Structure formats: structure tokens, C-alpha cells
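[1] Below: sequence and its predicted model.
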Amino acid sequence: MREKGYDMTTPITLLNKSSMARSFAAPSLTAALMLALSLTAATEEPKKATAASIASKSPDSNICSVSALDRTLPFAVGDKALYFVNLRDGDKVRSPFRAVFAVSGMGVAPVQAGPIEGTGHHHILIDLSLPPDIKKPIPFDKPDEKLHQHYKHFGKGETEAVLDLPPGHHTLRLMFADNTHVPYYIASKEIGIDVLP
């Protein structure tokens, strides 16, 4: 019996498409792997140097002086820390600029909440060292005083603010205080920033 030019009595062996693809792909895949391994071995040293230079210029290093690893590691029980999230020592900014800050090991609460154990609110000391008497409340600046700002209070429980400082070099330090503005023994590292004209 014959249909369309095929002899139906003779067995026909058809190639399975997947077996044909495997027979062609195996040598190609092996060659590609060997090529990739040889290129990796030849360029391994430059990649390490590139990775190190990329790590030093990572977006994380532009956001905060505390590395992502340090920010995600849990603090030991009892450890308390204050830090700027988006500013680091040596930054150059234009006023007004945003400052984001955080505390670990304590809670943030507004002054109006009253005395709540283990909570407080943020303060920024501008161009000042730590107060000599840490048992006294942190003083307030005069309202709308731009040229001689020293104390910023965040008694509503804020964790970020827009600062408007005059051009020049300024130092910033965070302090954490209770609802009466008396500081806890918690302060951030002092950072220096340059406000550009």
C-alpha cells in the first residue's frame, strides 16, 4: 500500500526531535561551559578589584555611615544606639536638607504621652559638644532663629526633619531624652557636614 509516496509496508524510522536536539546540544553546552570557565579563570583577579571598588561606591554608602550589615544585625539586649540614617560624616548638602534619624534599643514616644519607661524623643545638637550637665533638660532655641541654631527638639516623636542651616561647616549629634527633655546616656557620633551656598 502506498500513500503520498511512502511505502506503508516498510517500517520508517523517524528521528525523535528531542534526541536530535540533545545530540547537537551536548557538545555545544560542553564547549560553552569550558569557554566560560576559561574566561572566569583569566579574569578572576580584575573582578575582585572591581567588586571591591563597587562596594566602596555602593548606594548604601551614600545613604548612611552605618553599613547595611550593621543596621540589620540585632543589638544585644541593653545596647542602645542613635544614628543618622541618611547623613554621614563629610557630606556636602544644600539647605534645606532632610535628616533621618533612628534609635535602637528604645522606643520613640511624643512628649505628650508622658513618662513611658524605655521611650523618649530625639534632639539634634548643632555645632555643640555634649552638654556638661547631662541631668539638666536640653534647652530650646529661639523660634525662627536660623543663624544660631543649636538645639532641635522632636517632641512629637519625629524620626526625620528638614534642616535649614546657613552655608558653612556644621557638626550634628543626636541625643535621646525623656518626656521632660532630660537626656538619657545615649548620643550618636558627631558628624561634620558642609552646607553649600
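    Received it, and whenever you're ready, just let me know what you need.

[2] Any idea how many residues pack against Ala113?
    11 (other C-beta atoms under 10 Å). C-beta here means a position set from N, CA and C on the backbone, and glycine is covered the same way.

[3] Repeat that for the one 5 residues further on.
    Other residues near Gly118 come to 10 when the count uses other C-beta under 10 Å.

[4] if I look at it, how far off is Leu165?
    Gly118 sits 32 Å away from Leu165, going by C-beta to C-beta, to the nearest Å.

[5] Show me where this structure has its strands.
    2-3, 6-7, 81-84, 92-94, 97-104, 107-108, 119-126, 151-154, 160-163, 168-177, 183-187, 191-196 (DSSP state E).

[6] Which of those sits closest to Ile134?
    Closest approach to Ile134 among those (C-beta to C-beta): strand 183-187, 5.2 Å.

[7] Could you tell me the model confidence score at Leu73?
    Leu73 carries a pLDDT value of 51.

[8] returning to that earlier point: wait, which of the strands of the chain is closest to Lys142?
    Of all the strands of the chain, strand 151-154 comes closest under C-beta to C-beta, at 10.2 Å.

[9] Where does pLDDT dip in the chain?
    Confidence mapping of the chain against pLDDT under 70 gives the ranges 1-78, 143-148.

[10] if we can go back for a sec, including mean neighbour count, could the strands of the chain go into a markdown table?
    Conversion of the strands of the chain to a markdown table gives the following (neighbours: other C-beta atoms under 10 Å):
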| stretch | mean neighbour count |
| --- | --- |
| strand 2-3 | 8 |
| strand 6-7 | 10 |
| strand 81-84 | 21 |
| strand 92-94 | 11 |
| strand 97-104 | 18 |
| strand 107-108 | 14 |
| strand 119-126 | 21 |
| strand 151-154 | 18 |
| strand 160-163 | 14 |
| strand 168-177 | 19 |
| strand 183-187 | 16 |
| strand 191-196 | 16 |
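
[11] Adding distance to Ile134, write those out as a markdown table.
    Shown next, in a markdown table, are the strands of the chain (distance: least, C-beta to C-beta, whole Å):
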| stretch | distance to Ile134 |
| --- | --- |
| strand 2-3 | 101 |
| strand 6-7 | 99 |
| strand 81-84 | 14 |
| strand 92-94 | 29 |
| strand 97-104 | 17 |
| strand 107-108 | 20 |
| strand 119-126 | 12 |
| strand 151-154 | 14 |
| strand 160-163 | 23 |
| strand 168-177 | 9 |
| strand 183-187 | 5 |
| strand 191-196 | 20 |
